[in-house]
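A.B. asks: Make a model of this:
(one chain, ligands or ions: 2)
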Amino acid sequence: MYTQSFNVQDSSAGLKSVPPPAVENPEAQARFDHKIDADGKIEPQDWMPDGYRKTLVRQISQHAHSEIVGMLPEGNWISRAPSLKRKAILIAKVQDEGGHGLYLYSAAETLGTSRDQMLEALHSGKAKYSSIFNYPTLNWADVGVIGWLVDGAAISNQIPLCRCSYGPYARAMIRVCKEESFHQRQGYEALLTMMGGTEAQKAMVQDAVNRWWWKCLAMFGPPDADSPHSAQAMRWGIKRISNDDLRQKFIDATVPQARVLGVTLPDPDLKWNEERQHHDYGTIDWDEFWSTVNGNGPCNKERLATRVKAHNDGQWVRDAALAYSSKQHNKSLKDAA
Ligand SMILES: [Fe+2]
Ligand SMILES: [Fe+2]
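C.D. replies: Numbering: from 1, shown residues only. Ligands and ions are numbered 1, 2, ... in the order given. Here you go, the predicted structure:
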């Protein structure tokens, strides 16, 4: 998973490891601008403005953090999945999210920031991740709704990123989007199954939709009028479609899916506008969004603590992998001698 709403300021001045500002270089700047204008790709070895590099490091690392923290709310349900089939699907999905984190950390590393530094920023609470993961998964239907709506919103956000001007990020997103599509479908299919079940199961689905709908709309980030950095990100070809346009697209695509599923969406103002050829919708609670982004959501502390513990518990694996690789390296040197 996720989104442009990532690209919010981290709590500190940003990751300190970003290389020093590119010296002013009008010729290189002109080459860079030309490439952006021609819709070309910027690669790690290319000169790039300092602001472009910093924006990408922040966005890609926040995206990577969101993928690995996003494993936690659903991971809680692996041991409680209602059947072996659902368990196998959920394990595969959660594992995919871990993989997305790895591609993205690798893409961010090409900009000169180490993975250790990015993880340190996450674990110390300085770096942000998508606020959607700071809400609890209360019942099994939440797992289906996360697939349908949260991964669905992620796909809407991430498809334009496949055309991002930074090559490693764009290429990572192509594979990520294919996997997100599986995530969205498995969630929707799980919900369809529940909606064919008992009244209690149907009520669980409706309850989960009611709790997640507005939070998913907030995933697209603040309204365009309140997104001061968007114009620059658009100019650089990092962002292709505005927050409000993506949100509208998502709503228009989701309303008919909700109808097929047989659930209502919890917004009395949601209705088709013939003139606009889009759905109108109600007002998002941005105070709640910012409060959660800033650490006061229901699960912020728990998510971070679980993440730090997982990292510390895995230290022996990293030590063993490094020891093995240095042993192999020494052996190959010896063999070559
Ligand atoms: Fe993902
Ligand atoms: Fe996903």
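A.B. asks: Low-confidence stretches in this protein?
C.D. replies: 1-23 (pLDDT under 70).
A.B. asks: Indicate the residue of this structure located nearest to ligand 1.
C.D. replies: Among the residues of the chain, residue 100 lies closest to ligand 1, at 3.8 Å counting by C-beta to the ion. Using the backbone N, CA and C atoms, a C-beta is placed for each residue, glycine as well.
A.B. asks: My read is that that residue contacts residue 178, right?
C.D. replies: No: between residue 100 and residue 178 there is no contact under C-beta atoms under 8 Å: 11.0 Å.
A.B. asks: what about the two, which has more around it?
C.D. replies: residue 100 (29 against 11; other C-beta atoms under 10 Å).
A.B. asks: Identify the residues contacting that one.
C.D. replies: By C-beta atoms under 8 Å, 6 or more residues apart in numbering, the residues touching residue 100 are 1, 64, 67, 176, 179.
A.B. asks: Please report the distance of the residue in the chain positioned nearest to ligand 2 from residue 82.
C.D. replies: The chain approaches ligand 2 most closely through residue 183 (3.8 Å), counting by C-beta to the ion. For residue 183, the distance to residue 82 equals 18 Å [C-beta to C-beta, to the nearest Å].
A.B. asks: what does residue 98 give?
C.D. replies: Residue 98 sits at a distance of 23 Å from residue 82 (criterion: C-beta to C-beta).
A.B. asks: that older thread, format the contacts of residue 100 as a markdown table; extra columns: neighbour count and distance to residue 52.
C.D. replies: Shown next, in a markdown table, are these (neighbours: other C-beta atoms under 10 Å; distance: C-beta to C-beta, whole Å):
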| residue | neighbour count | distance to residue 52 |
| --- | --- | --- |
| 1 | 29 | 24 |
| 64 | 28 | 18 |
| 67 | 25 | 23 |
| 176 | 24 | 21 |
| 179 | 18 | 27 |
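A.B. asks: The chain: strands as residue ranges?
C.D. replies: Per DSSP state E, the chain carries strands over the ranges 271-273, 278-280.
A.B. asks: For residue 87, find the nearest of those.
C.D. replies: Minimum separation from residue 87 across these (C-beta to C-beta) falls at strand 278-280, 35.9 Å.
A.B. asks: Other residues contacting that closest one?
C.D. replies: Contact with strand 278-280 is made by 248, 251, 252, 255, 269, 270, 271, 272, 273, as judged by C-beta under 8 Å, 6+ apart.
A.B. asks: Of these, which qualify as buried by neighbour count?
C.D. replies: Among those, those classed as buried by 16 or more other C-beta atoms under 10 Å are 248, 251, 270.
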